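Student: sequence? don't have it. structure:
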DNA sequence: GGCCGAGCGGAAAACCTTTTCCGAAAATCA
DNA sequence: TGATTTTCGGAAAAGGTTTTCCGCTCGGCC
């Protein structure tokens, strides 16, 4: 009875568990045809009570679960979505991934994840590979070139971008970085800052280019912006902090919270007081930013929501697949304790914007 | 030429891309049989130069990539590994996931991820579901009961646990929490602390029980330990900090770094100075712990390495599948700035252990 | 020059499930 | 009661790949 198909392969002799029961085993056990078993399980056609009960009993007895590969082969879909991120260690991407995963789980979809280690060169391959195993791919903050991205969009059936807009009508959900950076600059100028150091993110990142646009727009006779090459991780921020200090700027605008936390740690090491001697801002509002001292002035982005929206776009894309809808998320400035008036005007201006 | 099989299904009329080329299309294009195409691509049997070249050209021309579902159906394997974590927002689990993913990528395996949202009840289903789509599952710090875990190990072909040991001979890689907590307690006692508050982790976590064992062993006439219910996230730590303060302990031992950072933020809000008024320790050494002020005294755990070792165990398990090897990782105490002598003995004892 | 072996390539089965097509039985109506 | 429709279940094909089995051809050796 239980040894039906198991005999065929029982060569190893060790504790080899019997090969998984197939729909044929269930059918035989229930005394019906495989078609009936399938109908009971998928509900594709009604089955009368007698056989149905026998099938359900057999399924339970044998612990049968349909083989996804066979289903996938037939249906042509995988019920899986791929997510490509630059770095899982970065809390930002971990949160976005969590958002996608949770939304996908609700819809009975699996999530495949690939970490490119911040290497733009591997993004293409990772996405391509994932697209073989999934119905589509969510590309998180891709650093690849516009041209590569366009080409990729043709090879991957359902491509959704996060934080990357393109001319190629790829569905995307993105934070309005320009608005965010603009509000940071406004905040700093209102505090009296006239010279600001900016810790640059990855040169290839679209979000970095968006920030640059906003910085150019904000710069002027009353606000000078000094660019410091940096990166996207906290150790990058830690490393770049000294150079930022050397510019004699009164405020430092970091590419992200993650970077800002690194810079903040360096300032602490050097005994540079924030915000008394220098102001510091981040971007993204990762959870840790509320926990450091001083609490970081930043721009809030609901990262899990970003992931959820990417999922929704993924679902829509399946439905029509025509236009490339773009969802823009506008972030909000939150003023905390890491920004204040510059030292030279501290006496004449209020200490923090919150006091106004 | 390009319209070979595409004609058959071109009903929709919209921009429906041609259905993916199959091995049969390639065979026809190259003027060989499907078997030869397969042999060229898998290298399972030698093929002479002429056909081989024609096949490769046809593959490139058609952009053919084998259908993984069909391969999986035939081979009975998926080249994928599942990872179940309690919470992707927790940097600890994100790092472990990264470790598994990177190791798996090297071996041309995909990673499937599920987030249980710290709900022990959903762990079983998540693992079971993932095991359908993957060759095995890595269970990260499962909160489920010992009994459930044993049962699960029978249903999932290749189960590997991280930070969870069991009697059921499930392969596992785990941090030696007892040694870690013991070294923390020793450190605090040497500093002169006699009354310590412990911020408890999730009651169901095996790692929490291991910590409890170590605490019981460390407790004695010269070291009193007061238990404070808390949790595993930074907001839990933030919330529990007041209760810890109320115990009038001179040091707080947090379940993890993530929790400790929450407590630290609360202390900062309350104006309680660390370590002058109260000492604080974490566990895990997440990257942010080096960035806060004061830098956290903690116990280092290489989390990505933990994930990589879990992957190795997964690979081994496939080979024999007999014994349940257990890899123990011994963590190391790193004394930073968040611990010092208690206020009442500050004059008579060195300020930090590092001064000795 | 003939025989044997090796090497190469094709036909077909197998993997497991879903779905279409069809036959049989039951139910409905005149 | 006989004819017709409906309902239900089985047989078989399809989905794409790998692999076994077998036949063919070409080379070498006697």
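Tutor: Structure received. For clarity, every value in this text was computed on a predicted model and none was experimentally measured.
Student: what segments of the stretch 151-300 of chain A are strands?
Tutor: A:159-162, A:172-175, A:195-199, A:224-228, A:251-254, A:279-281, A:298-300 (DSSP state E, counting those that start in this stretch).
Student: looking at the ones you listed, which is buried most?
Tutor: Mean neighbours per residue, mean count of other Cβ atoms under 10 Å in any protein chain shown, is largest over the strands of the stretch 151-300 of chain A for strand A:251-254, with a mean of 31. All C-beta atoms are positioned from the backbone trio N, CA, C, and that covers glycine.
Student: circling back to that earlier point, and the strands of the stretch 151-300 of chain A: which comes nearest DNA strand C?
Tutor: strand A:159-162 (25.9 Å; Cβ to the nearest atom of the strand).
Student: what about the closest one and chain B, touching?
Tutor: No: using Cβ under 8 Å from any Cβ of the partner chain, we find that strand A:159-162 stays clear of chain B, coming within 12.4 Å at best.
Student: strands paired with that strand, and their directions?
Tutor: strand A:136-140 (parallel), strand A:172-175 (parallel) (DSSP bridges).
Student: ok, residues contacting the shortest one?
Tutor: Under the criterion Cβ atoms under 8 Å, 6 or more residues apart in numbering or on different chains, residues A:160-166, A:207, A:301, A:306, A:309-310, A:313, A:324, A:326-331 lie in contact with strand A:172-175.
Student: now a ChimeraX select for only the buried ones of those.
Tutor: In ChimeraX, this line selects whichever of these come out buried by 16 or more other Cβ atoms under 10 Å in any protein chain shown:
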select /A:160,161,162,163,164,165,166,207,301,306,309,310,313,324,329,331
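Student: and the contacts of strand A:172-175, which of them are in helices?
Tutor: A:207, A:306, A:309, A:310, A:313 (DSSP state H).
Student: what sits against the second one?
Tutor: The reference is to residue A:306. A:96, A:99, A:162, A:163, A:173, A:175, A:329.
Student: just send these back as a markdown table, with distance to DNA strand C and pLDDT too.
Tutor: Output for the contacts of residue A:306, formatted as a markdown table (distance: Cβ to the nearest atom of the strand, whole Å; pLDDT from 0 to 100):
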| residue | distance to DNA strand C | pLDDT |
| --- | --- | --- |
| A:96 | 32 | 98 |
| A:99 | 29 | 98 |
| A:162 | 32 | 97 |
| A:163 | 37 | 97 |
| A:173 | 31 | 97 |
| A:175 | 40 | 97 |
| A:329 | 37 | 96 |
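Student: can you tell me which of these is closest to residue B:131?
Tutor: residue A:99 (24.2 Å; Cβ to Cβ).
Student: for the closest one, which three-state class applies?
Tutor: Three-state assignment for residue A:99 (DSSP: H, G, I helix; E, B strand; the rest coil): helix.
Student: residue A:332 against residue A:299, yeah?
Tutor: Yes: counting by Cβ atoms under 8 Å, residue A:332 touches residue A:299, with 6.7 Å between them.
Student: tell me how far residue A:232 lies from residue A:202.
Tutor: The gap separating residue A:232 from residue A:202 is 5 Å, by Cβ to Cβ, to the nearest Å.
Student: overlap in contacts, those two.
Tutor: By Cβ under 8 Å, 6+ apart, the residues touching both residue A:232 and residue A:202 are A:86, A:118.
Student: any chance of CSV for the ones in helices among the contacts of strand A:172-175, columns pLDDT?
Tutor: Output for the ones in helices among the contacts of strand A:172-175, formatted as CSV (pLDDT from 0 to 100):
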residue, pLDDT
A:207, 96
A:306, 97
A:309, 97
A:310, 97
A:313, 95
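Student: possible to save those residues as a markdown table with distance to DNA strand D?
Tutor: Below are the ones in helices among the contacts of strand A:172-175 laid out as a markdown table (distance: Cβ to the nearest atom of the strand, whole Å):
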| residue | distance to DNA strand D |
| --- | --- |
| A:207 | 37 |
| A:306 | 35 |
| A:309 | 32 |
| A:310 | 28 |
| A:313 | 27 |
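Student: one step back: so what sits against both of residue A:332 and residue A:299?
Tutor: The contact sets of residue A:332 and residue A:299 overlap at residue A:183 (Cβ under 8 Å, 6+ apart).
Student: quick revisit: with neighbour numbers in mind, choose between residue A:232 and residue A:202.
Tutor: residue A:232 (25 against 19; other Cβ atoms under 10 Å in any protein chain shown).
Student: so the more buried one sits against residue A:86, correct?
Tutor: Yes: taking contacts as Cβ under 8 Å, residue A:232 lies within contact range of residue A:86: 7.3 Å.
Student: which neighbours do the two have in common?
Tutor: A:118, A:202.
Student: sorry, back to before: now, among the ones in helices among the contacts of strand A:172-175, which is nearest to residue A:265?
Tutor: Distances from residue A:265 to the ones in helices among the contacts of strand A:172-175, taken by Cβ to Cβ, are shortest for residue A:207, at 23.1 Å.
Student: tell me where chain A has helices.
Tutor: Using DSSP H, helices in chain A cover A:23-30, A:34-42, A:49-62, A:68-75, A:91-106, A:120-133, A:146-155, A:177-191, A:206-218, A:234-246, A:257-270, A:303-319.
Student: list the buried residues of the fifth one.
Tutor: Spelled out, it's helix A:91-106. Neighbour-count burial for helix A:91-106 [16+ other Cβ under 10 Å]: A:91-105.
Student: what of the third one?
Tutor: Using 16+ other Cβ under 10 Å as the burial criterion, the residues of helix A:49-62 that qualify are A:51, A:52, A:54, A:55, A:58, A:59, A:62.
Student: where does the first one land on pLDDT?
Tutor: In the predicted model, residue A:51 carries a pLDDT score of 90.
Student: list the contacts for the closest residue to it other than its chain neighbours?
Tutor: Among residues not flanking residue A:51 along the chain, residue A:32 sits closest, at 5.1 Å (Cβ to Cβ, 6 or more residues apart in numbering or on different chains). Remark: with contacts taken as Cβ under 8 Å, 6+ apart, residue A:32 is in contact with A:51, A:54, A:55.
Student: tell me which of these is nearest to DNA strand C?
Tutor: Among these, and counting by Cβ to the nearest atom of the strand, the member closest to DNA strand C is residue A:55, at 11.2 Å.
Student: chain B versus that closest one, what's the distance?
Tutor: 19 Å (Cβ to the nearest Cβ, to the nearest Å).
Student: likewise for residue A:94?
Tutor: 4 Å.
Student: before we move on, what about residue A:181?
Tutor: For residue A:181, the distance to chain B - Cβ to the nearest Cβ - is 23 Å.
Student: and for residue A:337?
Tutor: With Cβ to the nearest Cβ as the criterion, residue A:337 and chain B are 10 Å apart.
Student: good, wrapping up.
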